[in-house]
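Engineer: Following is a predicted model, sequence given first.
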Amino acid sequence: MKALVIERKLARFAAARITSMVAPGRAGGHGPLSCQEVDAPALPVTDGSWHELRPRLSGICGSDLATIEGYASRYFEPIVSFPFTPGHEVVADADDGRRVVVVPVLSCATRGIDPPCGPCAAGQINRCERTAFGHLSPGLQTGFCADTGGGWGQRMVAHDSQLVDVPAELTDEQAVMVEPTACAVHAAKAFAGRPTVIIGAGTLGLLTLAAITATRGRTRNQGPVIVTARYPHQVAAAKQLGADRVVSGPELARTVRSLTGSMAIGDQLTGGVSTVIDCVGSSDSLAQALQVVAPGGEVVMVGMPSNVQLNMTTLWHREVAVRGCYAYRRADFDTALDLVGRLDLGRFVTQTYPIHDYAAAIEHASNAGRRGAIKIAFDLRDRPRPIRSVR
Amino acid sequence: MARIRNGRPTPLATGGNVARAVRTRTAGEARAAVARGRARLVRAQFPLRAPTVPRTVEVPEDPDELGANFDTEWARRGPAKAVRRLITAGPLAALITVVADPTVIGRDRLDDLRRAEPVAPLIFAPNHHSHLDIGLVIRSIPEPWRSTVTVAAAADYFFDTKLKGTVAALALNALPIDRHEVGRTSSDRIRELIDDGWSLVIFPEGGRSPDGWGQGFKGGAAYLAAKTGVAVVPVFLDGTGAIFGKGMKRPKPGTTTVVFGTPMRPAEGESTRRFAARIEAAVTVLGDEALTDYWTARRRAASGTNPKLSGPDYTGWRRQWALGEHRRSAPAGVRRRQRRRWPDLG
Amino acid sequence: MPRPGFVLDVDRSTPPTLFWRGEGFSLEKLPADRSRVIYPAEPLPAIDDVDGAIRHALLHPVDSDPLPALLFPGMKLTIAFDDVSLPLPKMRKPDIRQRVIEAVLDLAAEAGVDDVHIIAALALHRRMHEFELRHAVGDRVYDAFAPRGLLYQHDAEDPAGLAFLGATPQGEEVEINKRAAESDLLVYVNINLVAMDGGWKSTATGLASYRSLRHHHNPATMQASRSFMDQHRSELHKSNWRMGKVMRDHGPKVFQIETTLNTDTFPKGFEFLSRREWEWTMRDRASYLGVKKSLDRTPAKLARKIFHSIEAPHQMTSVQAGEVEAVHRITTEHVFAQQLVEVRGQTDILTMGIPYISPYNVHSILNPILVMCMGLGYYFNMYRGMPLVREGGVVIMTHPCPPDFHPVHHPSYIDFYEQVLSETTDPVRMSTEFEERFATDDWYRHLYRTSYAYHGVHPFYMWYWGSHGLQHVARTIIVGGDPKTVRRLGFTPASTLDDALEIASDVVGRSATITHLHTPPLMVADVS
């Protein structure tokens, strides 16, 4: 079968990193990623709890790009296993004929660890303590594990507990948005009805916004929710999804100051919003978050950060909490399925590519904002549908 | 002696430094040449030197070309004007800035006249503490008057020798004036100059202050203004006395203030003496303005309580003491007036 | 004898016309046979003995006792003066305010008045920098009063510094500077550059608080002011005059001193800016080319600095003092004598070159909101009778309109541009939805009181200023303006004047008449 594979070739990672510094998005062709003819992954256990899946659509996520472009933190090294096929935003046909989306987190249940670790027992699979143990190779999620395959290949395997049935009325495009939406649903729990800023209006930012606006009460005192967006299509999407205010990055501090009636000392607001959801995860976005968060407030990191440089004095002085927010729980998928259908989030899939065209796909995904895209996905269906662009 | 030193064997024989030897010899020759020249000068005789006068004859005195009769006409013609402009802009301005560091205020009071077409000449009437005053005033007067200003300078001080007189006329455009009695000739000459468009600086006090306090104003400026119809600009100078006052051997750099007042004209039928008194009063108010501020000066002027430039009536050390008090009430003193360390004995 | 202003009918031999474009200008060819250019009058001759005239006015006031008779020892005297927004450009030293204030102080000194305060009547404008205060009142007055805290600037947000005088029958609250209100005599030193200034507007606006100002600085009043230049048809002025009555009944005695300036606007080297193009001499053409070429190569910041350092050779044409209304009547006559130009009939398209300066950006940046205010607020309103442009007509301005804001002077403008204009350009909606939040924002209040910022509500007022214009014209086009910014203002960008006329033809047809306001120097069109 054909699959895109990431191998552990340090020289390639280095080359990818250099390439992407010079020409963003061009790392796809030069990096550790290649399209290969490989054996389909075998079922780890043959007791019927594992299924073979044929991916239909598989999205390209920011964390995939970080890996391909060599920006991902060395932290991941022990919790992934090479060579692996990426792809964890998957809608697929299961061997029993069901159309499913995959919950990619490889928790205790999938690793045959019994009894499960504490978090898994409590249903908090995203906090699983055994991501590198059990009968599977290390891998925090499907798409980072050598044994399971991933969505960017023609075959993959998944455990019973990872499968979520897709209602017939959802299109594949909608279904492929379920996994990122679940992420957003999890992140949206940080919204406490008070003034909130979402930094970044890429896929995660927009979906988090959608998750907040879809669930918050109808009263006006819920929020406001302020979103920073750089590109016109992001602004339009954020407005359409119900952001109270969409601003450009440089406007954020001024807008927050004005809306919260805060004062300012230098660049630092004295007040601010109680919650900032950072969907970018860069040094700049974090600095901006600390600039506009109120004393005692919380910065939630949804976008995957790597090594960041940050002046933490304001965090100390203003008793600000910075908290991570990773993945989702099983229940988040149910909410996500509902949201995706209700808000037609499938329209955010801007364009799909066949897997052999991966270099173009990666470049498009890397420059999504600039090129007016939100989500780019690989199309692995037998008869690829005509490319459609969705606003 | 030189010859002996020159005749000394060069250190070549001992294998010394050739260059040093050459240098030593050249220096020696130069010294010898100078010595020869001097000797020739000392030996020079009559046609080369001024004649000696036989004891039995009396040489008639030359007509006096020094003092009030010093001819300065040439200093107001083309080349001298150009040279003076260079001196005023260069060395004079630099000297005043270094030594006196002046703060000039009130120039705007001359703006109306400055913009008039054509610009009329003015008579500037400052108080007088120091020889520095002349340079300070010239440097502070705004154009176009600066390049057309002449200074009435004491004939007995500035024009007592040919050299001093020439320098004063060239650099300061000084006019010799007899300070004790303005002779008809010098006054006529000045009137002619003013009619020709030259402005004038005249120190109505007639001389520098002997003790740091001012002296009464004489009528010169008022008289000239009345005769020529030119406006008088009262000017107050502060600080020059402390820098290079009368009796000081060398200047002690400090700061100065120059205040220009509103141009004044004699009222109809006003006597020269009255007008002179009015000019003195105006300078007094400017003095108050320089040492306190405009509003205080105006209020005290209205009630006639400006501190007199001529100081208190008593004499001796108390007069000197009061001068210190007077100077201390400069702008900084108004804001943070120091407590008197000595009771007021006034 | 200076020539009066006149209206030129553009024909095929008319040379191109000068259009201001912010810190620059261009020559534009207006279509022949359907265009007119209105030229302002040449500067009237000035008074020779300015100080004498001032003293005469103080000693022989209109409808009032001479100033010395109003002064007595032990009294509280307050002198208020117009702020940095007047005159434009700033006048060559000595400023007329300095001369008048010194004349008043001389009389006060003679009368033995000790308690004198001097207050910059800047309403909600920004505080003046020290160098600006020194320029306005002169070094002497500044050094005498400022260090003692007796020369200061009105603070419309100081609760302890305001006094409530009462309300008009229409419920307009009159609240002015407390020191001024409690003085035995309030002397107001005014500069009347345009007919809008002066009168009760000096005191009732210049020394007022937000609470008081909002009664006449609002869309309803502004829309009902059929030119701010015509006091009798201006709701803004009627409101101020009503407040004046309250001040007369309950406030301090006011001794108003008003001065008018001629329109001698540009110094040597820039005279061509106020000259009629066909009279440009070789030297004018050379300086136009020289200035334009070098401006094209100058960074915007430097160009701004150069322009704002221009000092106008303005000279005083009249000074009158005494009772507010009587004085203002004479003043207005003098202003109109200089500025009024008779114009016959309205036009379809009104064109105007927006210069680098407005009353609100001295030593600062003419930001997009001020461009709007200059165009639709000021130039549009430079009429008496009826607007120059017909209802449903088009206004074409020329200005580069970059989205640049002065961070110190105009902080609330930035927020207004980002947060309000992105939502609406409708003055009425602004006033109901946004105004209060900006007006009561502590941060703006802090910057207004302690820094050099315009009040938080000021950008709203600037927008209201143009509200009649917004209502009146069907389309506004900005030639050479940054497209994104121009669209944010709700206007149409165009790259050249020809394009703009083309766009305008959608609204007013192909043979529309065009009128160009050749200003500055200032003028008021008397349209019949």
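Structural biologist: Perfect, thanks for sending it.

Engineer: what about the strands in the stretch 251-391 of chain A?
Structural biologist: A:264-265, A:268-269, A:273-278, A:293-301, A:321-324, A:349-353, A:375-379 (DSSP state E, counting those that start in this stretch).

Engineer: can you list those in JSON lines and add mean neighbour count, mean pLDDT and distance to chain C?
Structural biologist: Just so you know, the C-beta spots here come from the backbone N, C-alpha and C atoms, and that holds for glycine as well. Below are the strands of the stretch 251-391 of chain A laid out as JSON lines (neighbours: other CB atoms under 10 Å in any protein chain shown; pLDDT from 0 to 100; distance: least, CB to the nearest CB, whole Å):
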{"stretch": "strand A:264-265", "mean neighbour count": "12", "mean pLDDT": "91", "distance to chain C": "6"}
{"stretch": "strand A:268-269", "mean neighbour count": "21", "mean pLDDT": "93", "distance to chain C": "9"}
{"stretch": "strand A:273-278", "mean neighbour count": "26", "mean pLDDT": "95", "distance to chain C": "15"}
{"stretch": "strand A:293-301", "mean neighbour count": "20", "mean pLDDT": "96", "distance to chain C": "15"}
{"stretch": "strand A:321-324", "mean neighbour count": "12", "mean pLDDT": "95", "distance to chain C": "25"}
{"stretch": "strand A:349-353", "mean neighbour count": "22", "mean pLDDT": "93", "distance to chain C": "24"}
{"stretch": "strand A:375-379", "mean neighbour count": "26", "mean pLDDT": "95", "distance to chain C": "27"}
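
Engineer: what's the burial count for the residue of the stretch 301-450 of chain C found nearest chain B?
Structural biologist: Going by CB to the nearest CB, chain B is nearest to residue C:313 of the stretch 301-450 of chain C, at 8.4 Å. By other CB atoms under 10 Å in any protein chain shown, the residues close to residue C:313 number 18.

Engineer: give me every residue that touches the residue of the stretch 101-250 of chain C found nearest chain A.
Structural biologist: Relative to chain A, the nearest point of the stretch 101-250 of chain C is residue C:157 (14.6 Å; CB to the nearest CB). Residues near residue C:157 by CB atoms under 8 Å, 6 or more residues apart in numbering or on different chains: C:209-210, C:445, C:448-449, C:455.

Engineer: packing partners for the host helix or strand of residue C:293?
Structural biologist: For residue C:293, the element it lies in under DSSP states H and E is helix C:282-296. Secondary-structure packing of helix C:282-296 (3 or more CB pairs under 8 Å, 6 or more residues apart in numbering or on different chains; DSSP states H and E): strand C:25-28.

Engineer: Direction included, what does the next helix or strand after the strand it packs on pair up with?
Structural biologist: For strand C:25-28, the following helix or strand on the C-terminal side (DSSP H and E) is strand C:35-39. If you go by DSSP bridges, strand C:35-39 pairs up with strand C:6-9 (antiparallel), strand C:514-517 (parallel).

Engineer: Format the CA atom coordinates belonging to the last one as PDB.
Structural biologist: The C-alpha atoms that make up strand C:514-517 are tabulated as PDB, following Å, rounded to 0.1, in the frame of the first residue of the first chain:
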ATOM      1  CA  ILE C 514     -17.300  71.400 -10.500                       C
ATOM      2  CA  THR C 515     -16.200  74.000  -7.900                       C
ATOM      3  CA  HIS C 516     -12.800  74.000  -6.300                       C
ATOM      4  CA  LEU C 517     -12.000  75.700  -3.000                       C
END
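
Engineer: just so I have it, where are all the strands in the stretch 101-250 of chain A?
Structural biologist: Ranges of strands in the stretch 101-250 of chain A, per DSSP E, counting those that start in this stretch, are A:156-159, A:163-165, A:196-199, A:225-228, A:245-247.

Engineer: can you give me the offset of the last one from its chain's centre?
Structural biologist: Between the centre of strand A:245-247 and the centre of its chain there are 22 Å (CA atoms, centre = their mean, to the nearest Å).

Engineer: Can you list the neighbours in contact with that strand?
Structural biologist: By CB under 8 Å, 6+ apart, the surrounding residues in contact with strand A:245-247 are A:201, A:224-229, A:235, A:238-239, A:255, A:259, C:418-419.

Engineer: Please name the residues that touch residue 155.
Structural biologist: Defaulting to chain A. Counting by CB under 8 Å, 6+ apart, residue A:155 touches A:1, A:3, A:40-41, A:52-55, A:149.

Engineer: Not quite, go with chain C.
Structural biologist: So residue C:155 contacts C:161, C:449 (CB under 8 Å, 6+ apart).

Engineer: and it, what element?
Structural biologist: Assigned by DSSP H and E, residue C:155 belongs to neither a helix nor a strand.

Engineer: One more: residue B:171?
Structural biologist: Judged by DSSP H and E, residue B:171 forms part of helix B:162-172.

Engineer: what's the answer for residue B:86, then?
Structural biologist: Using DSSP H and E, residue B:86 sits within helix B:78-87.

Engineer: buried stuff in the helix or strand following that helix?
Structural biologist: Per DSSP H and E, the first helix or strand lying C-terminal to helix B:78-87 is helix B:93-100. Across helix B:93-100, burial judged by 16 or more other CB atoms under 10 Å in any protein chain shown covers B:96, B:99-100.

Engineer: just how off-centre is stretch A:258-265 within its chain?
Structural biologist: With CA atoms, centre = their mean, you get 32 Å for stretch A:258-265.

Engineer: List the contacts of that stretch.
Structural biologist: Here stretch A:258-265 has contacts from A:195, A:224, A:226, A:245, A:253, A:256-257, A:269-273, A:294, C:415, C:419, C:437-438, C:441-443, C:446, using CB under 8 Å, 6+ apart.

Engineer: go with 7 Å
Structural biologist: Here stretch A:258-265 makes contact (CB atoms under 7 Å, 6 or more residues apart in numbering or on different chains) with A:195, A:224, A:257, A:269-273, C:415, C:419, C:441-443, C:446.

Engineer: Stretch B:234-249 now?
Structural biologist: Contacts of stretch B:234-249 (CB under 7 Å, 6+ apart): B:99-100, B:124-127, B:129-133, B:136-137, B:208-210, B:212, B:251-261, B:264, B:279, B:282-283, B:286-287, B:290-291.

Engineer: what's the helix holding residue B:86 packed up against?
Structural biologist: helix B:162-172 (3 or more CB pairs under 7 Å, 6 or more residues apart in numbering or on different chains; DSSP states H and E).

Engineer: Compare the contacts of strand A:245-247 and tell me which is most surrounded.
Structural biologist: Using other CB under 10 Å as the neighbour criterion, residue A:227 leads the contacts of strand A:245-247 with 30 neighbours.

Engineer: how close does that residue sit to residue A:288?
Structural biologist: Going from residue A:227 to residue A:288 by CB to CB, to the nearest Å gives 13 Å.

Engineer: Tell me the secondary structure at the closest residue to chain A within the stretch 1-150 of chain B.
Structural biologist: Across the stretch 1-150 of chain B, the shortest distance to chain A (CB to the nearest CB) belongs to residue B:103, at 36.9 Å. Under the three-state scheme (DSSP: H, G, I helix; E, B strand; the rest coil), the conformation of residue B:103 reads as strand.

Engineer: in the sheet, who's paired with it?
Structural biologist: residue B:257.

Engineer: count of residues packed around residue C:377?
Structural biologist: Neighbours of residue C:377 (other CB under 10 Å): 23.
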